[in-house]
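**Q** model this:
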Amino acid sequence: MHIPQAFDVDDSTNIQTFIKNNPFATLTSTIAHKIVATHLPIDCLQDGKYYGHFARNNPQANISPDEEVCIIFSGPHAYISPNMYVSDFNVPTWNYSAVHCYGNIKFIEDETRIWQLFQDIVARHEGEMGWQLPDEKHYKNMLKFIRLFEFEIKSIEAKFKWSQNKDNDDIIAVITKLKTSGFHEAAACMAKANDLSNPR
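**A** Here you go, the predicted model:
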């Protein structure tokens, strides 16, 4: 990923928070010299490790543990028009956050552990008062149709492109216009990236 210095992020806590808040990812690998991709949730659980799963008939469900894969996490994004700035001589662009994680996946075969991990994953998204995965044979039988894996991260590239290369007047103007247009998440990301907690 091309990352100009102004948009480079190396704070591990910031990156981990981003991944936790945007768990729906794209996992890319190669099969027979072709790039393949699967869209799937990758969850960081209480043990600090990252987990995901494939349908068993997905070709990527047979990835070798020695093969490097790339998992891409994306967050809010927005088109930025030159009309949003107060300064002159701007061009259209797109603001966004993206994290590329490179590493290996290790499939988990122990059914007891798989069942516990799925309970943990469901609990993470449902919360204390939400739906719980029933401890019943009908549900446990579904495990044979999936392959759960742990993702071990070897390296990370993180790019948060939120007009950090612009001056404050332009940044505040864009944030204001994003809010007016209903892009509140993008506006919040832009304010955070530029240390503007409460722009006018």
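
**Q** Just confirm Phe149 contacts Ile105, I think it does.
**A** Yes: Phe149 lies in contact with Ile105 (CB atoms under 8 Å); the separation is 4.3 Å. (C-beta placed from N, C-alpha, C; glycine too.)

**Q** Relative to Leu27, how far out is the spatially most central residue of the chain?
**A** Of all residues in the chain, the one closest to the mean position by CA atoms, centre = their mean is Phe73, 2.5 Å from it. Using CB to CB, to the nearest Å, we find Phe73 at a distance of 10 Å from Leu27.

**Q** immediately after the helix or strand of the chain with the lowest mean pLDDT, which helix or strand?
**A** When each helix and strand of the chain is scored by mean pLDDT, DSSP states H and E, helix 137-140 comes last, with a mean of 93. Counting by DSSP states H and E, the element after helix 137-140 in chain order, helix or strand, is strand 146-161.

**Q** Put the alpha carbons of that next one into CSV.
**A** The C-alpha trace of strand 146-161 is given here as CSV (Å, rounded to 0.1, in the frame of the first residue of the first chain):
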residue,chain,number,x,y,z
ILE,A,146,-16.7,-24.4,8.4
ARG,A,147,-13.0,-24.1,9.1
LEU,A,148,-12.0,-21.8,12.0
PHE,A,149,-8.5,-20.3,11.9
GLU,A,150,-6.2,-18.1,14.0
PHE,A,151,-4.5,-15.3,12.1
GLU,A,152,-1.0,-14.5,13.2
ILE,A,153,0.1,-11.0,12.1
LYS,A,154,3.6,-10.6,10.9
SER,A,155,3.5,-7.0,9.7
ILE,A,156,1.1,-4.2,9.4
GLU,A,157,0.6,-1.2,7.1
ALA,A,158,-1.8,1.5,8.2
LYS,A,159,-3.0,4.5,6.3
PHE,A,160,-5.4,7.1,7.7
LYS,A,161,-5.9,9.7,5.0
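
**Q** how deep is Ile114 tucked in, by neighbour count?
**A** 19 (other CB atoms under 10 Å).

**Q** swap that for Leu148, please
**A** 21.

**Q** residues contacting it?
**A** Counting by CB atoms under 8 Å, 6 or more residues apart in numbering, Leu148 touches 51-53, 107-108, 114, 117-118.

**Q** Please apply the same query to Met1.
**A** Contact analysis of Met1 by CB under 8 Å, 6+ apart lists 98, 100, 157, 159.

**Q** Perfect, that will be all.
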